[in-house]
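**Student:** quick one: sequence and predicted model below, then my questions.
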Amino acid sequence: MTAPAVAAFRGQFRRTPDLAVSAPGRVNLLGEHTDYNGGPVLPMAISRRTTVAAARADDWRFASGEEPGAITVDVHAELRRDWTDYVTGVVRELQAIGAAPDGAHLTISSTVPIGAGLSSSAALTVAAARALSALAGRRLDGRALAEIAYRAEHDQVGVRCGRMDQTIASLARPRHALLFETASGEITEVPMPGRVLVVETGRSHRLTGGELNARRSECEAALAALRARWPELNALCALPAASLGEAERLLPDALFRRVRHLVTETARTRRAAVALRAGDLAALGELLVAGQRSLATDFESSIPEADLIVDSAVRHGAYGARLTGAGWGGAVLVLTPEAEGRVVIRGIRRDFAAAFGRRPVAWTTRAAGGVRRERV
Ligand code: ADP
Ligand code: MG
């Protein structure tokens, strides 16, 4: 993991980095779009990670394996509207709490697919936050790192994301998922011993300024409308399921369906954590499929490629599957009985190729650990 990152740093800056830090991507088992609506999420970290190698310097220079050369950045000037903004955002947020170095050179090496719904952005911001604060001689705990990374992406870059991705990248524990209740901030570790199959749809989403921001505005409009009836309602995920009938009469159809997704998803996510604790992967699988249907019909964030992969997975013997991450592209997570894995992958590849004329990239992972220092 660190060898390529250190080699990249040496190649770029002709010296050895002071330190290296890695943080994981993630799949979200269940709880989609609930993290910015006061509901629960159930993510687990994956084995793909982003490594930031860094050294103190007099200026700010960032390099990524995604493109050649290092970019010199003025962190106080206007954002450049490219990937460097994620790092600049972290620098600014660290400066705001007095935990930034005076300058740094850093390189980013990653095995997390970018824009595939596996949270390459939070892997980057969390790793950068830990690396840069360490250069300044500060040790921030996991929650503080998640908050810096969240503010970098949300307040600086301007993606109206929730806190799920940064939280799991910071606080993940191997062989566990996290049940994160975003309203209270409560985090519970839930055992996740098995493997998960990840199938990339091959369609990339670009969140900045995209559909996610539009959905978020719809959620705000729905909440405002429902508060006229229930003034004490402070988040859509807090709406009792028994009130959905009345909500349907109060809202335009599209807004109602967004709300119905959030309310039913909240229940599914908590039930999924119960199923995992009981080791009942079949029950978890059924919840995944119900979640996928809800994304497709109510939240309208799925795509045909994902719908096909989910149907195919179930037909070939998977417990369940669903599009993970914000949607409009990205990857599908598939839960299969250990012995059925190969049959399921083969079946999905065949069905996908027949429909879309190409083979999807697929790989398996176990639940991995969160941000950590790496040896240089
Ligand atoms: P994802 O689902 O992968 O998090 P996002 O749209 O949220 O998708 O974030 C992707 C963006 O994060 C990229 O467009 C880029 O700006 C930044 N990013 C992520 N990983 C890297 C990397 N290794 N090098 C440079 N930029 C990266
Ligand atoms: Mg992201």
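**Tutor:** Received the coordinates, thanks. Ligands and ions are numbered 1, 2, ... in the order given.

**Student:** can you check the pLDDT for H154?
**Tutor:** H154 is assigned a predicted lDDT (pLDDT) of 96.

**Student:** spell out which parts of the protein neighbour ligand 1.
**Tutor:** 50, 64, 66, 83, 86, 108, 110, 114-121, 124, 206-207, 325 (CB under 6 Å from any ligand atom). In this view, the C-beta of every residue, glycine as well, is placed from N, C-alpha and C.

**Student:** which strand runs longest in this protein?
**Tutor:** strand 43-56 (DSSP state E).

**Student:** excluding chain neighbours, what is closest to G162?
**Tutor:** D35 (2.9 Å; CB to CB, 6 or more residues apart in numbering).

**Student:** quick one: that neighbour from ligand 2, how far?
**Tutor:** Applying CB to the ion, to the nearest Å, the value for D35 to ligand 2 is 12 Å.

**Student:** which residues touch that residue?
**Tutor:** V41, C161, G162, R163, M164, F180, T182 (CB atoms under 8 Å, 6 or more residues apart in numbering).

**Student:** what of P174?
**Tutor:** R366, A367, A368, G369.

**Student:** before we move on, back to that, out of the contacts of D35, which sit inside helices?
**Tutor:** M164 (DSSP state H).

**Student:** just the contacts of D35: which has the poorest pLDDT?
**Tutor:** For the contacts of D35, the pLDDT minimum is C161, 88.

**Student:** which phi and psi does it have?
**Tutor:** Torsion angles at C161 (phi, psi; degrees, to the nearest 10) stand at phi -80, psi 170.

**Student:** what is the burial count for P304?
**Tutor:** Residues contacting P304 under the criterion other CB atoms under 10 Å number 12.

**Student:** and if you look at V376?
**Tutor:** Neighbours of V376 using other CB under 10 Å come to 16.

**Student:** A20 is in contact with that one, correct?
**Tutor:** Yes: V376 is within contact range of A20, at 4.9 Å (criterion: CB atoms under 8 Å).

**Student:** sorry, back to before: which of the residues of the chain next to ligand 1 are close to ligand 2?
**Tutor:** For ligand 2, the contacts drawn from the residues of the chain next to ligand 1 by CB under 5 Å from the ion are S119, S121.

**Student:** what subset of the residues of the chain next to ligand 1 is buried?
**Tutor:** Among those, those scoring as buried are 50, 64, 83, 86, 108, 110, 114, 116-121, 124, 207, 325 (criterion: 16 or more other CB atoms under 10 Å).

**Student:** now, those that are in strands?
**Tutor:** T50, S64, I108, S110.

**Student:** give me the distance between the second one and A8.
**Tutor:** Read that as S64. Per CB to CB, to the nearest Å, S64 is found 9 Å from A8.

**Student:** can you check which residues contact both of those two?
**Tutor:** T107.

**Student:** how is the chain divided into domains?
**Tutor:** With domains defined by automatic domain parsing, the chain comprises 3-193, 198-366.

**Student:** for stretch 172-185, measure first residue to last.
**Tutor:** Start-to-end span of stretch 172-185 (CA to CA, to the nearest Å) is 15 Å.

**Student:** okay, buried residues for it please.
**Tutor:** Buried-residue list, stretch 172-185, by 16+ other CB under 10 Å: A172, R173, H176, A177, L178, L179, F180, E181, T182.

**Student:** ok, stretch 221-232 next?
**Tutor:** A222, L223, A225, L226, W230.

**Student:** just the ones of those residues in strands?
**Tutor:** Within these, no residue falls in strands by DSSP E.
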